[in-house]
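K.L.:
quick one, structure for this:
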Amino acid sequence: MKKTTIGAILLVIIGGLLVLTYSWIRPILFEKNQRNTSDASGKLGSLTIGGDNYLGYWFLTAPEMRKACARDGLQIQFEDDGGAYVDRLKAFADRKLDAVVMPISSYLIHGEAHKYPGVIVAAISESRGADGLVSKNNITQISQLNDPNLKIVYTADSPSSFLLDLTIADFDLTQLAEDPRWRVEVGGSRDVLKKAEKGEGDVFVMWEPDLSKAKKLPGIHDLWGSDRFSGYIIDVLIVHRDVVQNRKEAVATLLKHYFRTLKVYANNREKMLDEMGRSTDLKKSLLDETVKKIEWYDLFENARLQFGLPGKTGETVNDGLISAILANTDVLVRTKRLSKDPLAGNPYLITQSSFLEHLQGLEVTDPVKASNANISFDPLSDEEWNQMRQVGVFRVEPITFQSWNNLLTQDGKDTVDRIATLLRNNYPQYRILVRGHTAPGGDENENRKLSLERAQSVVQYLKAVHELDPHRMHAVGAGSAIPPERKPGESQRAYLYRQARVEFVALEGNNI
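P.N.:
As a prediction, this is how the structure comes out:
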């Protein structure tokens, strides 16, 4: 072949390659030029976040959030999976998602199979009544739930199922724990509402906005919900470990604009409700009611109250997120949703505070809201204590005393320490009746005296060691007059052993 022919062929090939290269690079150059000559300077790429339509996540997709991120060259893609936590975690582990939002309990359950591929960088919100149980009017107390013949309708693998788990665990509903006949699982909160409308069941567990709709049904009673406790149903933002390691600027930008977006809408509630309404198709009245049942955490609350980062002298600091992880783990292990603590007692394995630590130095944050520890109680007379309504009896391991007196043993102190954590962090708004009991036999007057002295000893320990409000607690001695309910298959010896005990009863006013 002639050299001129070969040269011509090479020129054609080279020309073709140049055309292909230009056609490939032209869009990149065009996009770069657009960014360099506009307000959308910088290029941080995109972050894909997996979640669902729970209103608590709305600020991640709010118009102000999208606009602010776009100005810094960051695009937020939010993928709604309808609440499929198993699929969400698998996609997250497979790196199809950069981040996910979900309750702590869901991450503990479903993240274990994937060795917890992400870390919690922020607490998003806490349910303050957005999740709850409603029941037919003949069921008015939590203790009445301890019946496997009831039909309790709920959504599996959801905040509703966890709400049931913690109620079973904290109030010792042993028959529900051991006999699954009561379980009626459906596909979602709307399906639970449909069952309630048809009267197909005894108790219905759901979330907003379906919960508010159910409370208006005839013959339905508000029984229990996330407005009666705290430190459990907390939704968090979890970022993949690879993204934390390799895309720090993108994560920092996401969090910076998220917290600033919270401030924008906090200062303009009408704007927030209008934009929420357009994106959720909820009526404004229902939307306003639902928003009141969700507590969103701003930067200050995340840094000081959730991650325990140090602040100015005198500021309240609390590692609430760590306490919440431990409390959720305890419930899941006790209800056998987890076989053991998957974090081996180290919740810091799934948290990352460095982004918040950086952000809190960039802007002045708002003063902290009053924490649960600051709830105060007025003193009550004996008659007023007797008028309080019983909410439920907390589950607690036996509290041991020294022989023939009312002094706590070291094991007894350890047990009271655990109940103190529960009362302070998770049920701060309830008054507590500390009720002592003895086994039957002997002089009943002496039994009542001993049971009262032991209840008083526990109250004194809670006041002196844990600084619980003395007006919050009331000690009584029941002697042997109120034996515990016997468990199915329990031996006589085991039953007699359980009769001498100290119970912690949650109480609230009749007007609640």
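
K.L.:
SS state for residue 490?
P.N.:
Using DSSP: H, G, I helix; E, B strand; the rest coil, the structure places residue 490 in coil.

K.L.:
tell me the confidence at it?
P.N.:
What the model reports for residue 490 is a pLDDT of 84.

K.L.:
got phi/psi on it?
P.N.:
Per-residue torsions, residue 490: phi -80, psi 130 (degrees, to the nearest 10).

K.L.:
tell me the mean pLDDT for stretch 181-199?
P.N.:
94.

K.L.:
can you list the domains in this protein?
P.N.:
Taking automatic domain parsing as the domain assignment, the ranges for the chain are 45-128+232-359, 131-228, 375-508.

K.L.:
SS state for the closest residue to residue 500 other than its chain neighbours?
P.N.:
Excluding the flanking residues, the one nearest residue 500 by CB to CB, 6 or more residues apart in numbering is residue 439, at 4.7 Å. Using the backbone N, CA and C atoms, a C-beta is placed for each residue, glycine as well. Secondary structure state of residue 439, per three-state DSSP, is coil.

K.L.:
what's the separation between residue 439 and residue 494?
P.N.:
To residue 494, residue 439 is 12 Å away according to CB to CB, to the nearest Å.

K.L.:
also residue 147?
P.N.:
22 Å.

K.L.:
for residue 340, same thing?
P.N.:
Residue 340 sits 25 Å away from residue 494, going by CB to CB.

K.L.:
with residue 92 instead?
P.N.:
Residue 92 is 45 Å from residue 494, by CB to CB.

K.L.:
residue 444: how many residues sit nearby?
P.N.:
By other CB atoms under 10 Å, 13 other residues sit near residue 444.

K.L.:
what about residue 64, which helix or strand?
P.N.:
Using DSSP states H and E, the element containing residue 64 is helix 63-71.

K.L.:
what does whatever helix or strand comes next after that helix rub up against?
P.N.:
The element immediately downstream of helix 63-71 (helix or strand, assigned by DSSP H and E) is strand 74-80. Strand 74-80 has contacts (CB atoms under 8 Å, 6 or more residues apart in numbering) with 44-53, 57, 60-61, 65-66, 69, 97, 250, 253-254, 257.

K.L.:
let me know the pLDDT of residue 270.
P.N.:
Predicted confidence (pLDDT) for residue 270: 87.

K.L.:
and stretch 166-178, C-alpha only, in PDB?
P.N.:
Taking Å, rounded to 0.1, in the frame of the first residue of the first chain, the C-alpha atoms of stretch 166-178 are listed here in PDB:
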ATOM      1  CA  LEU A 166     -41.000  -0.900  73.800                       C
ATOM      2  CA  THR A 167     -44.400  -1.000  75.400                       C
ATOM      3  CA  ILE A 168     -44.200  -4.700  75.800                       C
ATOM      4  CA  ALA A 169     -40.600  -4.400  77.200                       C
ATOM      5  CA  ASP A 170     -41.000  -1.400  79.500                       C
ATOM      6  CA  PHE A 171     -44.400  -2.400  80.900                       C
ATOM      7  CA  ASP A 172     -43.700  -6.200  81.200                       C
ATOM      8  CA  LEU A 173     -46.600  -7.400  79.000                       C
ATOM      9  CA  THR A 174     -45.300 -10.900  79.300                       C
ATOM     10  CA  GLN A 175     -48.300 -12.600  77.600                       C
ATOM     11  CA  LEU A 176     -47.800 -10.600  74.400                       C
ATOM     12  CA  ALA A 177     -44.100 -11.400  74.500                       C
ATOM     13  CA  GLU A 178     -44.700 -15.100  74.700                       C
END
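
K.L.:
for that stretch, give the mean pLDDT please.
P.N.:
Here the average pLDDT along stretch 166-178 is 92.

K.L.:
do stretch 65-75 as well
P.N.:
Per-residue scores along stretch 65-75 average to 95.

K.L.:
now swap in stretch 236-248 and tell me
P.N.:
Stretch 236-248 carries an average pLDDT of 98.

K.L.:
contacts only, for the residue nearest to residue 500.
P.N.:
480, 496, 499-500.

K.L.:
of the residues you listed, closest to residue 154?
P.N.:
residue 499 (33.7 Å; CB to CB).

K.L.:
ok, for that closest one, nearest residue in space, not its chain neighbours?
P.N.:
The shortest distance from residue 499 to any non-neighbouring residue, by CB to CB, 6+ apart, is to residue 439 (4.3 Å).

K.L.:
need the pLDDT of that neighbour.
P.N.:
87.
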